[in-house]
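Trainee: 3D model of this:
(chains A, B, C, D, E and F)
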Protein chains: 6
Amino acid sequence: MKLVVINPNSTRSMTDKIVASARAVAAPDTEVEGRTAHGAPASIEGHFDEVMSAAHLLREVQAARDADAIVVACFDDPAIGACREVATGPVIGICEAAVKAASMIATSFSIVTTLPRSVPVIEELVRKYGLDHQCRRVRSAAIPVLALEEPGSNARQQVRAEILRAIEEDRCEAVVLGCAGMSDLTEWLSAETGIPVIDGVTVATKLAEALVGAGLKTSKIGAYATPNQK
Amino acid sequence: MKLVVINPNSTRSMTDKIVASARAVAAPDTEVEGRTAHGAPASIEGHFDEVMSAAHLLREVQAARDADAIVVACFDDPAIGACREVATGPVIGICEAAVKAASMIATSFSIVTTLPRSVPVIEELVRKYGLDHQCRRVRSAAIPVLALEEPGSNARQQVRAEILRAIEEDRCEAVVLGCAGMSDLTEWLSAETGIPVIDGVTVATKLAEALVGAGLKTSKIGAYATPNQK
Amino acid sequence: MKLVVINPNSTRSMTDKIVASARAVAAPDTEVEGRTAHGAPASIEGHFDEVMSAAHLLREVQAARDADAIVVACFDDPAIGACREVATGPVIGICEAAVKAASMIATSFSIVTTLPRSVPVIEELVRKYGLDHQCRRVRSAAIPVLALEEPGSNARQQVRAEILRAIEEDRCEAVVLGCAGMSDLTEWLSAETGIPVIDGVTVATKLAEALVGAGLKTSKIGAYATPNQK
Amino acid sequence: MKLVVINPNSTRSMTDKIVASARAVAAPDTEVEGRTAHGAPASIEGHFDEVMSAAHLLREVQAARDADAIVVACFDDPAIGACREVATGPVIGICEAAVKAASMIATSFSIVTTLPRSVPVIEELVRKYGLDHQCRRVRSAAIPVLALEEPGSNARQQVRAEILRAIEEDRCEAVVLGCAGMSDLTEWLSAETGIPVIDGVTVATKLAEALVGAGLKTSKIGAYATPNQK
Amino acid sequence: MKLVVINPNSTRSMTDKIVASARAVAAPDTEVEGRTAHGAPASIEGHFDEVMSAAHLLREVQAARDADAIVVACFDDPAIGACREVATGPVIGICEAAVKAASMIATSFSIVTTLPRSVPVIEELVRKYGLDHQCRRVRSAAIPVLALEEPGSNARQQVRAEILRAIEEDRCEAVVLGCAGMSDLTEWLSAETGIPVIDGVTVATKLAEALVGAGLKTSKIGAYATPNQK
Amino acid sequence: MKLVVINPNSTRSMTDKIVASARAVAAPDTEVEGRTAHGAPASIEGHFDEVMSAAHLLREVQAARDADAIVVACFDDPAIGACREVATGPVIGICEAAVKAASMIATSFSIVTTLPRSVPVIEELVRKYGLDHQCRRVRSAAIPVLALEEPGSNARQQVRAEILRAIEEDRCEAVVLGCAGMSDLTEWLSAETGIPVIDGVTVATKLAEALVGAGLKTSKIGAYATPNQK
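Mentor: Next comes the predicted model:
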């Protein structure tokens, strides 16, 4: 199968990281193609960035017509409904993938994201997905998204510290990483903190394979029907 | 005060109708300016159209820098969070305005929208706003949005018939019109059906004045802070 | 239009303060009439006081037959359903007004009220209005209601301190004042704390004008129908 | 123990019926005292009647100082919070009693009340008690409360018919009678319809004995503390 | 009436304690019979222990055919649905009994259980019963269940300390003991802490009498019908 | 990887069917081992059957120590928590798998199960998983589980008819099959009805592979920790 992983921001190094995370777990017969939403903001930090990237993201979805499934690799799950209208195969956002996976391996979890302004955005998503009763708290490590791309930054240390605070204060049983840019830290963070650490890119890649393998496609008889011609 | 009412689709006749509805109820000292999201789809029927209109809508918000408040006149409440980041005064979506007003004059309401595919979109909004326990049902009159613009169509009769079904089947105490394009039908529908009929454009206009008059602005210390510079 | 603002307790100085707050924001063509529920307790601190004031409050509603809208100026929103049965125009409680306004300018808010015993009362109201997912916490400044009327008291300092605690501990984006007697402190508290501070009297006044201006009246075909004759 | 059962309306025949229902199930050592809220409306049909009866109800609570427990025998559970502030022993409303008992003997139930206007009042109570997920539907038999007191009326037939509709349409496992005035019909209705029929007066009487027997009193360290002296 | 109280674990001393608590409050004409689930684990600490005790528990229910009501005396409310299918009279779990009683005497409560691993189990139960909005927090005293059986242990001191923390940190109005093995500590803990302390065994005993006294049996027309013959 | 699929009832033909469904979609390098809960009831129709199968199911889990993941193939998701305590790899119930997959390809779904008595059991599961807002209705085709094993029965026609009713009455976008014994009908039903039909066995098989492929194991630091030794 062909899996297209789209980075809805325009930072190419983040696309590379995301694709590497997807390929690291993809099945042998899964072709992973990365796409970058050229023209989108360099990072998605809030609702405005989300909107400014959405049309670019959709253009990549439209270009990926031969995709069997699509992963949208931003933890805000931008424009997922629209992507589902346009695509025929399943479309998975990494927040939805991560929290639904977390809900099957733990009775509770906390989420650690980058900036404080993303916390309410994620809280609303978790409630939309019906998992607020399993989510102890959405936390911010107080770092800009792109700090995760800078080799010398102490961003990864701050994420680690915030996970340790989550373990102590939230009584959570797992931690979800709240940014696609953290996907290369998953193993290290899990080893450092001793708690299952869940990365959305990794999980969404496998869920996309799972839905395709189960023969499921997006339902086209309601909200996700192909867009109306004007 | 200056109120900017933005039609997020590109159909100018709908903008005119919306502005007329706003002006009909605006206070004497409120200047109502209508804006059309040129470049957006001709109507918003689903998530894809919403995304394709969002950036155009935001451009109008940015252009309306002297606005004291902004009304986004599409019942899907597209890109409201992003608009709130960009604007300084209050930004109000017509779905949120209508259902919150309905919740203060009735213990329950039903919503009548245009196309079936919009029903789940609106159901999700109502749940997001915390009013699913007061919303009996979201119904569709099974008409395209633009049919409301065609003088000869029987769209208005179908809306009327659906409201009568809502009264009989849903035991609701009020009906909310689920499309900006219905705003000129409000009085007629209320007279025909004998139930309070609530139009989002009308209510949002008055709520915008109310929030400005109360001295309230969008909070800028969290999710709605001005977008980060990249 | 004529707006009647009713203080459901019998403390005249509080009525004066409330009316002043309403008049400060009312439109030029809005006549604001204050009414005091003579015979009610001097302050409403809990369910018992609420009941002991309710019939007196209703008598004022009945006396205000020429009102286009009514504001009930106690944060417990006492007897709102009954007032809506009796009145023809909209009836707005200041808690409902304040939290619904807060929900449109911020993704989250905390409430600061007077006595600890009022905290569960308000928590129940917020849940009834469907906004518990946006309300971080209901807090008490641990002051009796009437302390707000005593010039020499340090009540206002305690309210200010509690708001600062809310900002630090609750990660809220706005603060709602949980007592009509705090309405004259709104501007000062907002300036002192740097967070949007929302006063129910102010907001309810403007919402009342908004609903009337939108042509909305309380639905009379269900729970809010005129009381049955016996 | 001494159990005081208060009819919050002023119809003496209803008090007699309620007391008979309570006595029919009370333990041998339980003294049941009936009290009528003289001065209250003849029946409670909506919020207004509720308010007009509340102070009279509270006066009866205050007069019943030697009561070990109190049952408030109106399905709208009027002024329960205030009664709990005033009394020292447990205070139980018949709606709360009935739905909590129903939730322990069935996975779902419907409620059959008198007038349509009471339906939303009861729906709100059920949600407040956290049992909306077990309540299939609140139904009205479309009869005035006092029709249940008239020997010749066909009110009981209408209640029976509505229960049969509930069984067929709601797939419920039990039916709760939504009016104290139906308490004498419980056995007959259960026999006629073949479904467990639950009467609030009966259940509240036994729950009151249960709480007293378990040594429980209303908590006085929060919302239900004794009313503040002014 | 005959009340059968079943200890779903195999520790006989705990059965004795439970039966003593039940007898201490049972009505004079209630015969209390204790049963131990021989073959079950010595204590129920988590889902596995629950399953390993369930069939043994059910065997005791089947053996108690002459019971008018059954209390299952483990705070995890194990296999209650199955017990209700098998029995004809009411079956009550002590968690459900305790939290529903708590919800009638206080606006909020916290629960103190034994081991941390039981906390999520109880949180899920409370949500299932629809009372999560009244439950401030489920806490663990960090003691094994059987420590409560050891005379020399300081388990009771730890429970007392945890209750004091609940009072200070949770702003709760009552405390529920989250383990049947704590039932003999109820009075002492209430005296020591000054807050209503609620024991599930005590309350379930009285609720069982109440349901029987009200003539209620488990509904047999749905989920709790007698098991199908194979 | 090795995937163990456990049929918690004792009907071997159903195990064969389930294993065939799993193998039909399993990855080439996934070894699927079927296990039957010998000693369990022949079918699971309600809570009692669930309990009577649970210990047998757990014994199979314990015997499957070399499993990388386990699927429990009964739509009631029996004893999942206990299985998660005992196993080290992920454990997935087919109801949870199916509804979480459905929630990613459609905005709403209905469930069609066998017997009416299973409807409330499944409704409670869906609510536990937080997806009640996406589940339109749980329906029964009014057939015993084992009728699906009888070649000559018209069970499959009844399932098909119920799906068609769901499409018409529930406005759902997908249908979930509410019994493991329906898994061989999935393709036929989807072709006959034109709506995405989701089978839990199929989806759980792929989700199990997905979680293992993503490197996730059940969290062992809370509710799912290995059972305590006694």
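Trainee: C-alpha from now on. contacts and neighbour counts both.
Mentor: Will do.
Trainee: Where do the domain boundaries of chain A fall?
Mentor: With domains defined by automatic domain parsing, chain A comprises A:2-93+A:203-213, A:95-200.
Trainee: among these, which is the most enclosed?
Mentor: Of all those, domain A:2-93+A:203-213 has the most neighbours on average by mean count of other CA atoms under 10 Å in any protein chain shown, namely a mean of 23.
Trainee: Give me the residue ranges of chain A where confidence is low.
Mentor: Scanning chain A for pLDDT under 70 picks out nothing.
Trainee: can you list the residues of it near chain E?
Mentor: Applying CA under 8 Å from any CA of the partner chain, we find that chain A lies next to chain E at A:Thr107.
Trainee: The most centrally placed residue in chain A and A:Asn9, how far apart?
Mentor: Centroid-nearest residue in chain A, with CA atoms, centre = their mean: A:Ile94, separated by 2.4 Å. Per CA to CA, to the nearest Å, A:Ile94 is found 14 Å from A:Asn9.
Trainee: and what of A:Thr193?
Mentor: Counting by CA to CA, the gap from A:Thr193 to A:Asn9 is 29 Å.
Trainee: Equivalent analysis for A:Val61, please.
Mentor: According to CA to CA, A:Val61 stands 14 Å off from A:Asn9.
Trainee: go on, A:Pro151?
Mentor: In terms of CA to CA, A:Pro151 sits 19 Å off from A:Asn9.
Trainee: Also A:Glu168?
Mentor: Using CA to CA, A:Glu168 is found at 33 Å from A:Asn9.
Trainee: again, but for A:Thr202
Mentor: 18 Å.
Trainee: Could you do A:Val138 as well?
Mentor: Distance from A:Val138 to A:Asn9, by CA to CA: 22 Å.
Trainee: A:Ser53 now?
Mentor: Counting by CA to CA, the gap from A:Ser53 to A:Asn9 is 6 Å.
Trainee: Overlap in contacts, these two.
Mentor: Taking CA atoms under 8 Å, 6 or more residues apart in numbering or on different chains as the contact rule, A:Ser53 and A:Asn9 both touch A:Ala37, A:Ala40, A:Pro41, A:Ile44.
Trainee: in chain A, which spans are strands?
Mentor: With strands called from DSSP state E, chain A shows them at A:2-7, A:31-36, A:69-72, A:91-93, A:109-113, A:135-140, A:175-177, A:197-199.
Trainee: Figure out which of those strands is closest to chain D.
Mentor: Chain D sits nearest to strand A:135-140 of all those, at 20.5 Å, using CA to the nearest CA.
Trainee: Partner strands of the closest one, with direction?
Mentor: Here strand A:135-140 is paired, per DSSP bridges, with strand A:109-113 (parallel).
Trainee: Need the distance between the two termini of stretch A:189-197.
Mentor: Start to finish, the residues bounding stretch A:189-197 are 7 Å apart (CA to CA).
Trainee: Can you get me the centre-to-centre distance for it and its chain?
Mentor: Centre-to-centre, stretch A:189-197 and its host chain are 19 Å apart (CA atoms, centre = their mean, to the nearest Å).
Trainee: is chain F contacted by it?
Mentor: Yes: counting by CA under 8 Å from any CA, chain F is contacted by stretch A:189-197 at A:Ile195, A:Pro196.
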